[in-house]
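Student: the sequence and its predicted three-dimensional model are supplied below.
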Amino acid sequence: MTAPKALFVSSNRIGDCVISSGVIREIARQLPGVQITVACGRPPAPFFRSAPNVERVIVLDKKKAAGHWVDLWKQVRGTKWDLIVDIRGSALAWLIPARRRIVYNRRWETGLRKVEMVSRLMGSATPLDPEIWLDDQARAEAAAVINPQLAQGPGAGPIIALAPIAHQPGKSWPADRWGQLVEKLKAEPRFDGWRFMPVGGPGDRPPATPALQAAGDRAIDCVGKGDILCSAAAIDRATLFVGNDSGLMHVSAALGRPTLGLFGPTEWWLYGPWGAKTRTVASNETRGQFAPIEDLTVDHVFEGVLALHDAFIGGANPDEP
């Protein structure tokens, strides 16, 4: 018998792809033996290369006049789909023959956390926890970046990963404050011997520079060193993670790393990191109220990092995240 076929139209954004990643296993639960084709943006595409039941990843590069949707339609119209899941709510799902369709609609936005919303969309009674599927390639690429730097400086202590970037206006905590935070953490006895590892893409060098400079010989530079799955494998080497409201924040939470997310004028109660080992700090921590992220002080974030450490590291061996 022919294996069932499913098309999963995911997001252009890394964070949204991570939030909805539980859809992959749910499709496989609903259609045993399924072969899944994923369509998504170029930055998150590496996430799916070793995901279970995924046989193909189609990269959607945005084009004028919705040309990317036409390109996708041409690539998938000839397949007899058993299921189409479109979390982008496009018209594509209705233009392709399919036995069943699950298409996102704005009516699902009822104040639920995004993971819960996607889970309900799929008909799951329990939350579909996000997942990162690291492979040997990603681990090897991360090791090639991290291991030589660990061998230098003061030694191979535990790592705190930092993501001082966010690609939407208003989400980026000022770069100089990341440097000030690192200085305070270096002086904190809890972080004696720790290494500081900024993580990001090729364009994230400017916001990461103050943190790298402040860390000095305790820095591990993992900015622009590989694709998103390589960055995920680097974060998986860390003991703690601190980052802006960004895709890397969701990556860290999905990997089970103790994660602190920094929030300004966005809904931390909806978009905060998902998982038991997560915390947030916000420029205004009253639900439903907002303030510029510039109102988030270094002391506030520093206290958040200490609380994260004490909650999930404490007296445990910090070399074993």
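Tutor: In hand now; what should we look at?
Student: chain center to the helix or strand containing F241: distance?
Tutor: Using DSSP states H and E, F241 sits within strand 240-244. Centre-to-centre, strand 240-244 and its host chain are 11 Å apart (Cα atoms, centre = their mean, to the nearest Å).
Student: E116 contacts P127, correct?
Tutor: Yes: E116 is within contact range of P127, at 5.7 Å (criterion: Cβ atoms under 8 Å). All C-beta atoms are positioned from the backbone trio N, CA, C, and that covers glycine.
Student: so these two - more neighbours on which side?
Tutor: A direct count of neighbours by other Cβ atoms under 10 Å for E116 and P127 places E116 higher, at 18 against 15.
Student: what comes up buried for the helix or strand harbouring that one?
Tutor: Using DSSP H and E, E116 sits in helix 114-121. If you call a residue buried by 16 or more other Cβ atoms under 10 Å, then helix 114-121 has these buried ones: K114, V115, E116, M117, V118, S119, L121.
Student: quick one on the thing from earlier: counting by contacts, list what the strand holding F241 packs against.
Tutor: Counting contacts by 3 or more Cβ pairs under 8 Å, 6 or more residues apart in numbering; DSSP states H and E, strand 240-244 is packed against strand 159-163, helix 247-254, strand 259-263, helix 298-312.
Student: and the very next helix or strand once past the third one, how far from the chain's centre?
Tutor: The element immediately downstream of strand 259-263 (helix or strand, assigned by DSSP H and E) is helix 268-271. Relative to the mean C-alpha coordinate of its chain, helix 268-271 is positioned 14 Å out (Cα atoms, centre = their mean).
Student: so for helix 268-271, what gets flagged as buried?
Tutor: By neighbour count with 16+ other Cβ under 10 Å, helix 268-271 contains the buried residues W268, Y271.
Student: likewise stretch 217-227?
Tutor: Residues of stretch 217-227 classed as buried: R218, A219, I220, D221, C222, V223, K225, G226, D227 (neighbour count, 16+ other Cβ under 10 Å).
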